[in-house]
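Trainee: give me coordinates for this.
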Amino acid sequence: MTDPADLALAHRLADRADAIARRHFSAAAVASRTKSDGSPVTDADREIELVLRSLIRQECPDDAFLGEEFGARGHGRRRWIIDAIDGTASFLAGEPEWSTLIAVEEDGRVILGLVSAPVLGRRWWAGPGSGSWTGPCPCDPAVPAQRLALAAGGRAQDAAIGIWPPPSRLNQQERRVAARLARGVSQVLPPLDWTTADPTVPAPRKPSAGSGTCHGALLVATGQLDAFLLLGAGPWDIAPLIPIVQEAGGTFSDLTGQDRTDTGAALFARPGLHRQLLDIAATAD
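Mentor: Prediction:
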């Protein structure tokens, strides 16, 4: 079961991150720069990660830390994994589908995940044996949280899946995997030609955009998509979503079927679909 103290701290960290992010989001202009991988980073990303790192050091001095912007600190059997702002491009565009991602990993297993999307006014959280939940942001004791539960997924050829990022940001092998899955299912979001990286194609919207969530895996956890494949991702993009999807009844692995967050790939799916989709992804061209 999830330690109530860990969950309470995760919510407090999310409250602090929300306040910082809202301050930057409401500013007339958000300062940003381009990282070496071509993705944007804002002053809000950096401030949130530094503040949360400091708070975790105060509250849990023996725990290690991993963040997208400033890397790893410390060693130990427990580690907090933070993505200060997931969806920075949406944040910069003034769109609401961005969030702070928080996870706790113990002995290599994710034992808590929390996603806070302050502009959407919603949070999602889960831990092994404690269920997967969504509720208002900030948390309101007068509004009960809703438990997430998924039905079985059926046949892959009837499934609707999301894939991200678009082909222009994938390498050749990743595009092959994406194209195989696109051919093997009924619907793919965004609906692109996944076989080629065409620089003239306008940047598509994420599968989560306009849906009331801020991460494609949440579309799976809330029953809005049958599966979601994330490629070229870091542990901070993946770890917080694992318990949220799994405790709702869904499944997670990398493309080899392993429960790992360090291979850059994550497949989240309804129960009953996961093995079918892995088999399609592994099929020789």
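
Trainee: list the residues that contact Ala197.
Mentor: Pro167, Ser168, Leu170, Arg175 (CB atoms under 8 Å, 6 or more residues apart in numbering). Glycine gets a C-beta too; all of them are placed from N, C-alpha and C.

Trainee: nope, Gly113 is what I meant
Mentor: By CB under 8 Å, 6+ apart, the contact set of Gly113 is Leu101, Ile102, Ala103, Trp125, Ala126, Gly127, Ala239, Pro240, Leu241, Ile242, Pro243, Ile244.

Trainee: just the ones of those residues in strands?
Mentor: Within the contacts of Gly113, residues falling in strands by DSSP state E are Leu101, Ile102, Ala103, Trp125, Ala126, Gly127.

Trainee: going by distance to Pro144, which of those wins?
Mentor: For the ones in strands among the contacts of Gly113, the residue nearest Pro144 by CB to CB is Trp125; the value is 13.9 Å.

Trainee: count the residues that sit near that closest one.
Mentor: Residues lying near Trp125 (other CB atoms under 10 Å) number 27.

Trainee: grab the nearest non-local neighbour of it.
Mentor: Leu114 (4.2 Å; CB to CB, 6 or more residues apart in numbering).

Trainee: the helix or strand containing the one you found pairs with which strands, parallel or anti?
Mentor: Secondary structure from DSSP states H and E places Leu114 in strand 109-117. Strands adjacent to strand 109-117 in the sheet, as given by DSSP bridges, are strand 99-106 (antiparallel), strand 122-127 (antiparallel).

Trainee: just to revisit the earlier point, and the ones in strands among the contacts of Gly113, which are buried?
Mentor: Leu101, Ile102, Ala103, Trp125, Ala126, Gly127 (16 or more other CB atoms under 10 Å).

Trainee: how about the strand holding Leu114, which residues are buried there?
Mentor: Val110, Ile111, Leu112, Gly113, Leu114, Val115, Ser116, Ala117.

Trainee: how about a markdown table for these, with distance to Ile161 added?
Mentor: Formatted as a markdown table, the buried residues of strand 109-117 follow (distance: CB to CB, whole Å):
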| residue | distance to Ile161 |
| --- | --- |
| Val110 | 22 |
| Ile111 | 27 |
| Leu112 | 26 |
| Gly113 | 21 |
| Leu114 | 25 |
| Val115 | 20 |
| Ser116 | 25 |
| Ala117 | 22 |
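
Trainee: any idea how far Leu7 is from the spatially closest residue to Leu112 that is not a sequence neighbour?
Mentor: Sequence neighbours aside, Val104 is the residue nearest to Leu112 in space, at 4.1 Å (criterion: CB to CB, 6+ apart). Val104 is 9 Å from Leu7, where distance means CB to CB, to the nearest Å.

Trainee: quick check, Cys137 in contact with Ala117.
Mentor: Yes: the pair Cys137 / Ala117 is scored as a contact, 6.5 Å apart, by CB atoms under 8 Å.

Trainee: so what sits against both of those two?
Mentor: Both Cys137 and Ala117 are contacted by Arg123, under the criterion CB under 8 Å, 6+ apart.

Trainee: chain center to the helix or strand of the chain with the lowest mean pLDDT: distance?
Mentor: None of the helices or strands of the chain scores lower by mean pLDDT, DSSP states H and E than strand 32-34, at a mean of 77. Chain-centre distance of strand 32-34: 21 Å, with CA atoms, centre = their mean, to the nearest Å.

Trainee: following it, which helix or strand comes up?
Mentor: Counting by DSSP H and E, the element after strand 32-34 in chain order, helix or strand, is strand 40-42.

Trainee: same for that following strand, what does it pack against?
Mentor: Counting contacts by 3 or more CB pairs under 8 Å, 6 or more residues apart in numbering; DSSP states H and E, strand 40-42 packs against strand 32-34, helix 88-92.

Trainee: among those, which comes closest to Leu267?
Mentor: Nearest of the helices and strands packed on strand 40-42 (CB to CB): helix 88-92, 22.8 Å.

Trainee: hmm, who's touching the closest one?
Mentor: Residues outside helix 88-92 that contact it (CB under 8 Å, 6+ apart): 21, 25, 30, 32, 39-42, 44-45, 85, 96-98, 206, 209, 214.

Trainee: hey, where'd the helices end up in the stretch 101-250 of the chain?
Mentor: Using DSSP state H, counting those that start in this stretch, the helices assigned to the stretch 101-250 of the chain run over residues 172-184, 216-221, 235-238, 241-247.

Trainee: export those to a markdown table and append columns for distance to Ala145, mean pLDDT and mean neighbour count.
Mentor: A markdown table is the format used below for the helices of the stretch 101-250 of the chain (distance: least, CB to CB, whole Å; pLDDT from 0 to 100; neighbours: other CB atoms under 10 Å):
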| stretch | distance to Ala145 | mean pLDDT | mean neighbour count |
| --- | --- | --- | --- |
| helix 172-184 | 33 | 95 | 18 |
| helix 216-221 | 13 | 96 | 29 |
| helix 235-238 | 23 | 97 | 23 |
| helix 241-247 | 12 | 98 | 27 |
